[in-house]
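Trainee: let me see the structure of the following:
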Amino acid sequence: MDKQYRIVFLGLLRGQEEFAQGMARLGLGLSIAEEMIQKAPVVLKGGMTLKEARAYADAVQEAGGRVNIQEHGFFEEPRQLRKDLEIKPLENFTACPECGYKQLKRDACTKCGFVFQKGKESA
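Mentor: Predicted coordinates:
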C-alpha cells in the first residue's frame, strides 16, 4: 500500500478577509472559511497521495492559509513502536506554585528549585 497524506490547516498567513476571498475562489463559502480559522488546527482533507496533498496545500497557501502535510493511514513497513515508554498517571504530576512548571512530583521544582512542602503542591 502507498503512504497516505492529509492536509492540516494551522492558521492564517495574511488577513482573514483576504483568506476568505482566496478560499471563495477555490469554491469554499465564507462561513466555512471562518469556521476553519476558529477551529485551527483542523484537518482539511486526508487520504491523498503526496502529489495530491502538495497541490491541495499549495492552493490553500495561495489563498493565505498556513498548512502542514502529514503522513497518515496505512504504511508498507511496520512502524517502530517504543516499548519502553511508560505513561504516568495524572496524579503523579504537580505544578510548581512558584514558576508554574508542570512536572512529576518531587521534593523540589526541577526548573526553579522551589522546595515543596508536604501537602502544599498543586495538582
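Trainee: ok, longest helix in the chain?
Mentor: Secondary structure of the chain per DSSP state H: the longest helix is helix 50-62.
Trainee: buried set for that one?
Mentor: Buried residues in helix 50-62, counted by 16 or more other C-beta atoms under 10 Å: A53, Y56, A57, A59, V60. C-beta coordinates here come from the backbone N, C-alpha and C atoms, glycine included.
Trainee: report the contact partners of the most centrally placed residue in the chain.
Mentor: In the chain, the centroid-proximal residue (C-alpha atoms, centre = their mean) is P41; its distance is 6.1 Å. When contacts are counted by C-beta atoms under 8 Å, 6 or more residues apart in numbering, P41 touches V8, F9, L10, G11, N68.
Trainee: drop anything exposed from those residues.
Mentor: Among the contacts of P41, those scoring as buried are V8, F9 (criterion: 16+ other C-beta under 10 Å).
Trainee: distance to A95 for the contacts of P41 - can I get that in JSON lines?
Mentor: Shown next, in JSON lines, are the contacts of P41 (distance: C-beta to C-beta, whole Å):
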{"residue": "V8", "distance to A95": "29"}
{"residue": "F9", "distance to A95": "31"}
{"residue": "L10", "distance to A95": "28"}
{"residue": "G11", "distance to A95": "28"}
{"residue": "N68", "distance to A95": "30"}
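Trainee: ok, of the contacts of P41, which one's closest to M36?
Mentor: F9 (5.3 Å; C-beta to C-beta).
Trainee: mean confidence for whichever helix or strand the closest one is part of?
Mentor: Here F9 sits within strand 4-12, counting by DSSP states H and E. Averaging pLDDT along strand 4-12 yields 90.
Trainee: now do the helix or strand that that strand is followed by against strand 4-12, angle only.
Mentor: Sequence order places helix 16-25 as the next helix or strand after strand 4-12, per DSSP H and E. Taking axes from the mean of the first three to the mean of the last three C-alpha atoms, to 10 degrees, helix 16-25 and strand 4-12 form an angle of 150 degrees between their directions.
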